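1. no sequence for this one, just the structure:
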């Protein structure tokens, strides 16, 4: 019984795992978090591509049937280059989010927030424009959001102050829909919503990603027909720290996180 | 003409290079910043030791006569283990700072701030106690300080607010001396001083480290007798980003930063 392989630079990708478990409870999942080299958002395109390939090769060794790049930076930088390298289908987190945002937006002014790498890659802009050439896209990188989430600072005046600064250009442009273009950001949803106002739609791609994976597995007749999937979690460093944060992302505790060298 | 080798997880170690250039202008310096795997402060002891050994091996290939571990996390975790592995002398940033702090403190209440890794290692506490068993040591990890510095947030209400929270236990304990136990922190000196009050002495180990290196080179007859040292800078990722930040740490621009794979 082959598994769905999921990787991220660290813990953020667990938001995708949570949705996969909900939508595909019978699938086996192998997760890899590259905690020895986290974060990816400040690293170069070339380095993120190298890391992504190494992570995919690790997952392939675990006998996976499909790979999910549950990291926006890796999806932005690496996916366009490597998507046809491997036999297994590779799903990123960009396209599903873009599709939902373009569908949701009424005024066709769409905001995208993400890491420096994700924003610099301009992948979101390109994909939105491809789907709707008339859409206006406003982007902002929010480099302190990841440290905030990893420190557990999910509310409070400091976080709110920083969010106000980052989101100013999106507010000024009057966007009605904002893509949370980093798997950490859903944890700051209430702060972001407070700053942008309650009418702005926030798109968290995890649901759509799981939905797309379900579709692909079904169409390629790869769905697991057994009952009750197993989940394995691997990291390149700090299994205890990862287990501790997992609660916040996955909504349940994690035991048996294994430390491995992926390179 | 052999060089002084210096490594750090990223740009912070340039504060030590600045002092080396001032105190030893005729020495050649080879710097390596592990920007592909930065930061070290959130990584485990075992991983920081592995990274440190890889960085030292890279520097040894550049024909260095002495190695300076210009990173507090690497000095805390790796130095106690690896200091006798290699033929070249290895100097960390902990001991010189401790010596100065114990000398400077009048009330023998010494504060130490650093990354999670540095504080968790308890290396500073052990070294202070060894030098002065009666000293009271109060430590605090300040995980958001590194992202602040790397984002160029060196002042302002947000940074001040966060600093007030982190430094509360040090203020409460009435420390008269605080070791800035991370090479990024000297850039936040004015904020830290503002929070702690102007009478608290802040110890930035860079000067003492350069001083110690000078002593060792002199005693082992390794000082360069030529004029005008050369400096080479290597990073494992993002040479442009490194050059951009270098100005802030080194006080001068950097050209010709070379990207290499150290592993």
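-> Structure's in. What do you need? Bear in mind that the values here come from a model prediction, so they are computed numbers and not experimental data. Numbering: from 1, shown residues only, chains lettered A, B, ... in the order given.
2. I'd like the next helix or strand past the worst-scoring helix or strand of chain A on mean pLDDT.
-> Sorting the helices and strands of chain A by mean pLDDT, DSSP states H and E puts helix A:239-250 at the bottom, at a mean of 89. Using DSSP states H and E, the helix or strand that directly follows helix A:239-250 along the chain is strand A:258-259.
3. counting contacts, what elements does the helix or strand harbouring residue A:191 pack onto?
-> According to DSSP H and E, residue A:191 maps onto helix A:189-196. For helix A:189-196, the packing partners by 3 or more C-beta pairs under 8 Å, 6 or more residues apart in numbering or on different chains; DSSP states H and E come out as helix A:157-172, strand A:177-181, strand A:201-203. No exception for glycine: its C-beta is placed from N, CA and C like everyone else's.
4. avg pLDDT for it?
-> The average pLDDT within helix A:189-196 is 98.
5. that older thread, redo the helices and strands packed on helix A:189-196 as JSON lines? Include mean neighbour count and distance to residue B:180.
-> Listed next are those as JSON lines, based on neighbours: other C-beta atoms under 10 Å in any protein chain shown; distance: least, C-beta to C-beta, whole Å:
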{"stretch": "helix A:157-172", "mean neighbour count": "16", "distance to residue B:180": "21"}
{"stretch": "strand A:177-181", "mean neighbour count": "27", "distance to residue B:180": "35"}
{"stretch": "strand A:201-203", "mean neighbour count": "21", "distance to residue B:180": "39"}
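6. out of the ones you listed, nearest to chain B?
-> Set against chain B and scored by C-beta to the nearest C-beta, these come closest in helix A:157-172, at 5.2 Å.
7. just to revisit the earlier point, next, the angle strand A:177-181 makes with the helix holding residue A:191.
-> Angle of helix A:189-196 versus strand A:177-181, following axes from the mean of the first three to the mean of the last three C-alpha atoms, to 10 degrees, is 140 degrees.
8. buried stuff in the host helix or strand of residue A:215?
-> Assigned by DSSP H and E, residue A:215 belongs to helix A:206-219. Neighbour-count burial for helix A:206-219, with 16 or more other C-beta atoms under 10 Å in any protein chain shown as criterion, is recorded at A:206, A:207, A:208, A:209, A:210, A:212, A:213, A:214, A:217.
9. Need the nearest residue in space to the last one, chain neighbours excluded.
-> Taking C-beta to C-beta, 6 or more residues apart in numbering or on different chains, and ignoring the residues beside it in sequence, residue A:217 has residue A:223 as its nearest neighbour in space, at 4.8 Å.
10. Within range of chain B, give me the residues from the stretch 151-263 of chain A.
-> Within the stretch 151-263 of chain A, the positions lying close to chain B (C-beta under 8 Å from any C-beta of the partner chain) are A:151, A:157, A:158, A:161, A:162, A:236, A:237, A:238, A:241, A:263.
11. if we go to 6 Å?
-> A:151, A:158, A:161, A:162, A:237, A:238 (C-beta under 6 Å from any C-beta of the partner chain).
12. residue contacts, the last one?
-> Right, residue A:238. Applying C-beta atoms under 6 Å, 6 or more residues apart in numbering or on different chains to residue A:238 gives the contacts A:35, B:44.
13. what ranges do the helices span in the stretch 51-200 of chain A?
-> Along the stretch 51-200 of chain A, the segments classed as helices by DSSP state H, counting those that start in this stretch run A:72-77, A:79-82, A:94-104, A:116-121, A:123-131, A:145-151, A:157-172, A:189-196.
14. For residue B:92, which of those is the nearest?
-> Closest to residue B:92 of the helices of the stretch 51-200 of chain A, according to C-beta to C-beta: helix A:145-151, at 25.7 Å.
15. Look up how far residue A:103 lies from the residue nearest to residue A:129 when sequence neighbours are not counted.
-> In space, and not counting its chain neighbours, residue A:129 is closest to residue A:135: 6.6 Å by C-beta to C-beta, 6+ apart. Distance, residue A:135 to residue A:103, by C-beta to C-beta, to the nearest Å: 11 Å.
16. Just want to know which of the two has more residues nearby.
-> residue A:135 (19 against 12; other C-beta atoms under 10 Å in any protein chain shown).
17. who touches the more buried one in this structure?
-> Here residue A:135 is in contact with A:108, A:110, A:128 (C-beta under 6 Å, 6+ apart).
18. Drop anything exposed from those.
-> Buried by 16+ other C-beta under 10 Å: A:110, A:128, out of these.
19. May I see the contacts of residue A:135 arranged in CSV, with pLDDT and distance to residue B:63 as well?
-> Listed next are those as CSV, based on pLDDT from 0 to 100; distance: C-beta to C-beta, whole Å:
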residue, pLDDT, distance to residue B:63
A:108, 98, 60
A:110, 98, 54
A:128, 98, 52
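20. Make CSV out of the contacts of residue A:135 and add distance to residue A:193.
-> Below are these laid out as CSV (distance: C-beta to C-beta, whole Å):
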residue, distance to residue A:193
A:108, 21
A:110, 16
A:128, 21
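21. who's residue A:234 bridged to?
-> Counting by DSSP bridges, residue A:234 forms beta bridges with residue A:32, residue A:258.
22. ok, it to residue A:228 distance?
-> The gap separating residue A:234 from residue A:228 is 21 Å, by C-beta to C-beta.
23. Settle it for me: which of those two has more neighbours?
-> More neighbours surround residue A:234 than the other of residue A:234 and residue A:228, with 22 against 9 (other C-beta under 10 Å).
24. Thought residue A:32 was touching that one, still the case?
-> Yes - the pair residue A:234 / residue A:32 is scored as a contact, 4.8 Å apart, by C-beta atoms under 6 Å.
25. secondary structure class for the residue located most distally from the centre of chain A?
-> Residue farthest from the centre of chain A, counting by C-alpha atoms, centre = their mean, is residue A:226 at 27.6 Å. Judged by DSSP: H, G, I helix; E, B strand; the rest coil, the three-state class of residue A:226 is coil.
26. Would you list the phi and psi of it?
-> phi -70, psi -180 (degrees, to the nearest 10).
27. Mind putting the contacts of residue A:135 into TSV with distance to chain B?
-> Shown next, in TSV, are the contacts of residue A:135 (distance: C-beta to the nearest C-beta, whole Å):
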residue	distance to chain B
A:108	32
A:110	25
A:128	27
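28. Closest one of the contacts of residue A:135 to residue A:252?
-> Here the nearest of those to residue A:252, counting by C-beta to C-beta, is residue A:110; it sits at 32.8 Å.
29. List the residues that contact the nearest residue to residue A:117 once chain neighbours are set aside.
-> Nearest-residue entry for residue A:117: residue A:73, 4.3 Å, with adjacent residues in sequence omitted and distances by C-beta to C-beta, 6+ apart. For residue A:73, the contacting residues are A:40, A:41, A:48, A:115, A:117, A:118, by C-beta under 6 Å, 6+ apart.
30. please redo it, this time with the cut-off set to 10 Å
-> Shown in contact with residue A:73 (C-beta atoms under 10 Å, 6 or more residues apart in numbering or on different chains): A:8-9, A:12, A:39-43, A:45, A:48, A:51-52, A:93, A:114-121, A:123, A:181-183.
31. ditto for residue A:87
-> Counting by C-beta under 10 Å, 6+ apart, residue A:87 touches A:60, A:65.
32. list the residues that contact both of residue A:234 and residue A:32?
-> Residues touching both residue A:234 and residue A:32 (C-beta under 10 Å, 6+ apart) are A:7, A:55, A:58, A:59, A:62, A:258, A:260, A:262.
33. With chain B as the reference, measure out to the closest residue in space to the fourth one that isn't next to it in sequence.
-> Take residue A:59 and drop its neighbours on the chain: the residue closest to it by C-beta to C-beta, 6+ apart is residue A:5, 3.4 Å away. Going from residue A:5 to chain B by C-beta to the nearest C-beta, to the nearest Å gives 23 Å.
34. now swap in residue A:61 and tell me
-> Separation of residue A:61 from chain B (C-beta to the nearest C-beta): 20 Å.
35. and the gap between that residue and residue A:68?
-> As judged by C-beta to C-beta, residue A:61 and residue A:68 stand 16 Å apart.
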